[in-house]
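> the following comprises the amino acid sequence and a computationally predicted model.
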Amino acid sequence: MTVGGGYSQVRPCDLVSCGSSCLSSPSLRRFCVLGLQRLVSVSFDFHLFGPLHLGIIAAIPIIAASLAYATRRDRRSALATRITLAAILIADGLTWHTYRYVVQGVRVPEILPLEMCDASFWLTALALLTLEEHTVDLAYYWGIAGSGMAILTPYLRAPFNTFQSFQYFLGHSLLIVGVLYLLWTRQARPTPGSWWFALWSLNLYGVGVAIVDWLANTNFMYLREKPLSSSLFDLLGPWPWYIACAEVIALILFWLMQLPFRSRPGAGAGTSSS
């Protein structure tokens, strides 16, 4: 599978051979300029589960594990790393929304951070700063489930080597690294029974988003219709059945995600080592 394909490639030799003619011919000059722009802006496509994609997937747990290993036994460095990660997430989120507003011209209501991954992103930043147990719960279940699927099956709306696609992977990766860092340093962990809390909270959140979609004619969380391009939603049937199927998938994922933590009911998000 290729994301962002369909772009013709211009060979370097073609650009060199027309160099002298470009000085005298306006049409050839335009051809050379457009060729250079294409060569710079579209150098390669993104292939699902290709080497680059697998490298991104592998880098996320490696970075989180490296940070956890480096700071787990040092209370001060663990706290500093946690705050630094939160600051990086906040800066990245603000940069992305500024880019959408200034460069892409996206305005309210479409610019509102109401997608599940958007909400999880800011919840993760808050969890890193506060270690509040319910915030940690939501960041873990919503963030790992949502951003994990986004990384494994990316839905890119632009060629890979653009800021939009770069931000897609950066934002989701930072979220997962932040949550894994909290868990692997034992600064926080999901509370007992928190998967139920995460599930019904997600449904309540979905109701609120559905109201916004209805009032503002938006499509946050794809509650009104599926993405126009091919996606996993295509396997779940038409509206509204794909929403019901997504609910079942969320239930299964959340239940599986709570299994590693149910044997230690005494450890909550407040049991911080830093």
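That came through, no problem.
> list the buried residues of stretch 156-166.
Neighbour-count burial for stretch 156-166 flags 156, 159-160, 164-165 (criterion: 16 or more other Cβ atoms under 10 Å). Glycine gets a C-beta too; all of them are placed from N, C-alpha and C.
> domain-wise, how is the chain divided?
Using automatic domain parsing, the domain parsing of the chain gives 2-40, 45-261.
> can you give me the helices in this protein?
Chain-ordered helices for the chain, with DSSP state H as the definition, fall at 12-17, 19-22, 26-41, 51-71, 75-102, 116-130, 133-138, 144-152, 163-184, 194-216, 241-258.
> and Phe233, which of these is closest to it?
Within the helices of the chain, the stretch nearest Phe233 is helix 241-258; the backing value is 5.1 Å (Cβ to Cβ).
> ok, Arg196 - how many residues close by?
Let me fix one detail, which is that residue 196 is Trp and not Arg. 14 (other Cβ atoms under 10 Å).
> make that Ile252, sorry
By the criterion of other Cβ under 10 Å, Ile252 has 11 neighbours.
> quick check, nearest of the buried residues of stretch 156-166 to Val102?
Ranking the buried residues of stretch 156-166 by separation from Val102, with Cβ to Cβ as the measure, puts Gln164 on top at 13.4 Å.
> the closest one contacts Ala158, correct?
Yes - judged on Cβ atoms under 8 Å, Gln164 makes contact with Ala158 at a distance of 4.3 Å.
> who touches the residue nearest to Phe220 when sequence neighbours are not counted in this structure?
Sequence neighbours aside, Leu114 is the residue nearest to Phe220 in space, at 4.3 Å (criterion: Cβ to Cβ, 6 or more residues apart in numbering). The contact partners of Leu114, taken as Cβ atoms under 8 Å, 6 or more residues apart in numbering, are 209, 212, 218, 220-221.
> are any of these buried, and if so which?
Taking 16+ other Cβ under 10 Å as the criterion, what is buried in the contacts of Leu114 is 209, 212, 218, 220-221.
> reformat these as CSV; add distance to Ala80 and pLDDT.
Compiled in CSV, these are given as follows (distance: Cβ to Cβ, whole Å; pLDDT from 0 to 100):
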residue, distance to Ala80, pLDDT
Val209, 35, 97
Val212, 38, 96
Thr218, 39, 95
Phe220, 35, 94
Met221, 35, 93
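> low-confidence ranges in this protein?
Within the chain, the ranges that satisfy pLDDT under 70 run 1-45, 229-231, 263-274.
> please redo it, this time with the cut-off set to 50
Along the chain, the model assigns pLDDT under 50 to residues 1-44, 265-274.
> residue closest to the middle of it?
Geometric centre of the chain, nearest residue: His172, 2.5 Å, by Cα atoms, centre = their mean.
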